[in-house]
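Enquirer: quick one, structure for this:
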Amino acid sequence: MRAKRCAVLLVLILAALFGTGAEVPLSPTAAVSAAPWPVPGPTVLRGFEPPPTPYARGHRGVDLVAPAGTPVRATRAGRVFFAGRVAGRGVVSVEHPGTGTPPLRTTYAPVDPQVEKGAEVGAGEVIGTVGAGPPHCAVSCLHWGLRRGKTYLDPLTLLNRGPSRLLPVLGVPLP
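Expert: Here you go, the predicted model:
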């Protein structure tokens, strides 16, 4: 009987320390659904490096390896805020309602847009294809950005990959 109580107590302690395996949403908006990647099977070429001040150097998004012509998908449902050319390259920005005030906005470049300003798009809907130039990366890539108002954020947080969790190593005695 004592061994059974010890085993139950051990299971409860491990569950408290390491979790039960249930998904824990990162935020109220992330609880709705995880966002799809904007391009299939991407490799992150360069990560998010927030600038220390609004006009300082930094990398205001992530670069995903993707050959020219690859379909680009909206990572969340929203309304196309901008679709056109900026500094010689195609850009699409999508504003996402219901994500706070001001709402979140994702940006994709270089993109040959297949949508127009004001169009409603669904999560995973194709909004264009990766454009051919001018080059932003050493290899063909998609720059994916996220911002709320004037504040740049890490777009990888939209993927709702869940929190990191340590798992017990079986067969190793507890201290």
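
Enquirer: which residues of the chain score low on pLDDT?
Expert: Screening the chain residue by residue with the criterion pLDDT under 70, one finds the ranges 1-34, 133-134, 161-164, 174-175.

Enquirer: and the strands in it?
Expert: Counting by DSSP state E, the chain forms strands over residues 44-46, 62-65, 71-73, 78-86, 89-96, 104-109, 111-113, 120-121, 126-130, 141-148, 151-153, given from the N-terminal end onward.

Enquirer: closest one to Tyr55 among these?
Expert: Each of those has some distance to Tyr55 by C-beta to C-beta; the shortest is strand 151-153, at 12.0 Å. Quick note: C-beta positions are derived from backbone N, CA and C, even for glycine.

Enquirer: the closest one pairs with which strands?
Expert: With DSSP bridges as the criterion, the sheet partners recorded for strand 151-153 are strand 141-148 (antiparallel).

Enquirer: wait, what's in contact with the residue nearest in space to the middle of the chain?
Expert: With distances taken as C-alpha atoms, centre = their mean, the chain has Leu156 as the residue nearest its mean C-alpha position (2.9 Å). For Leu156, the set of contacting residues under the criterion of C-beta atoms under 8 Å, 6 or more residues apart in numbering consists of 44, 47-48, 62.

Enquirer: give the contact list for the closest residue to Glu125 other than its chain neighbours.
Expert: Distances taken as C-beta to C-beta, 6 or more residues apart in numbering place Ala74 nearest to Glu125, at 5.3 Å, with adjacent residues excluded. If a contact means C-beta under 8 Å, 6+ apart, then Ala74 has 38, 94, 106, 121-125, 127 as its contacts.
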